[in-house]
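# I would like the atomic coordinates for the input below:
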Amino acid sequence: MNTAKLPEYCYGTLPSTGEVVIIKRGEMGYYSSNATPGNAQADDLNAVIGVTKAQAEAMMSGSMFGWDIPSADPDNYDQDGRFIFFAKENALHPCLKLTMRRQGYRFSHISETMTVGDLISELRRYPKDLPIVLSLDDGCTIGGLTDEDISEEEVQ
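Numbering: from 1, shown residues only. I've put the predicted structure just below:
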C-alpha cells in the first residue's frame, strides 16, 4: 500500500448525515469538525489544505475498512477520486467504478438518475475492455455487472 502518499488528515462527508468530519491517517473512524454542510464542503476544505480527491477517498476508505487494503492507496484512484483498480486473483486490475447512492427503498424515491444517452456519452471516454465494478453505500456493497443484470422494466 502507498499510505506514505496520504496526508496527515483530511475532511470527509458522512453519507448518512452530510456532516463534514476529520479523518486522520492510520486511524479508524473519524472526528467531528466545526464545519457544517451549510458553510463548508469537504472538497473545498481539502483543496485549501492541498488534499487531492484521490487522497481523500483513500483516507475515507482506510478509516472505515483498514489501512492495508487497495482502496486505502491513493494511487488506485483517478484525479476525480474514482477507484480505478479491483482485486482479482490476488492482483490489482484496472476498472471503472460506478458509485451508486441509495436514495430510498422504492423507485418513487429516486430523485434523479442518468438517461441511457447520458451514460453512453460518459462511458465513451473509457477503454471498451475496461471492467465495470458497481459500488453501493460508499463501498460497503460492491459487485460486478453482466448482461444478465440488465433489464428493461416499467416502474411506478
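# okay, CA-based contacts and neighbour counts for the rest of this
OK.
# What residues of the top helix by length along the chain count as buried?
What stands out as the longest helix in the chain, according to DSSP state H, is helix 53-65. For helix 53-65, the neighbour count (16 or more other C-alpha atoms under 10 Å) marks 53-64 as buried.
# TSV please, covering these and showing pLDDT and distance to D80.
TSV is the format used below for the buried residues of helix 53-65 (pLDDT from 0 to 100; distance: C-alpha to C-alpha, whole Å):
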residue	pLDDT	distance to D80
K53	92	6
A54	91	7
Q55	94	10
A56	94	10
E57	90	10
A58	91	12
M59	94	14
M60	90	15
S61	87	15
G62	89	18
S63	91	20
M64	85	20
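# Going by distance to M28, which of those wins?
The shortest approach to M28 among the buried residues of helix 53-65 belongs to S63, at 4.3 Å (C-alpha to C-alpha).
# Distance of G12 relative to R101?
Counting by C-alpha to C-alpha, to the nearest Å, the gap from G12 to R101 is 16 Å.
# Surely T52 is in contact with N46?
Yes. Assessed by C-alpha atoms under 8 Å, T52 is found in contact with N46 at 7.0 Å.
# quick one: low-confidence parts of the chain?
Residue ranges of the chain with pLDDT under 70: 1-2, 36-40, 85-93, 138-140, 156.
# residue boundaries of the helices in it?
42-48, 53-65, 116-123.
# For T3, find the nearest of those.
T3 lies closest to helix 53-65 among the helices of the chain, at 8.7 Å (C-alpha to C-alpha).
# What are the contacting residues of the closest one?
Under the contact criterion C-alpha atoms under 8 Å, 6 or more residues apart in numbering, helix 53-65 has outside partners 5-7, 10-12, 23-30, 43, 46, 67-69, 71-82.
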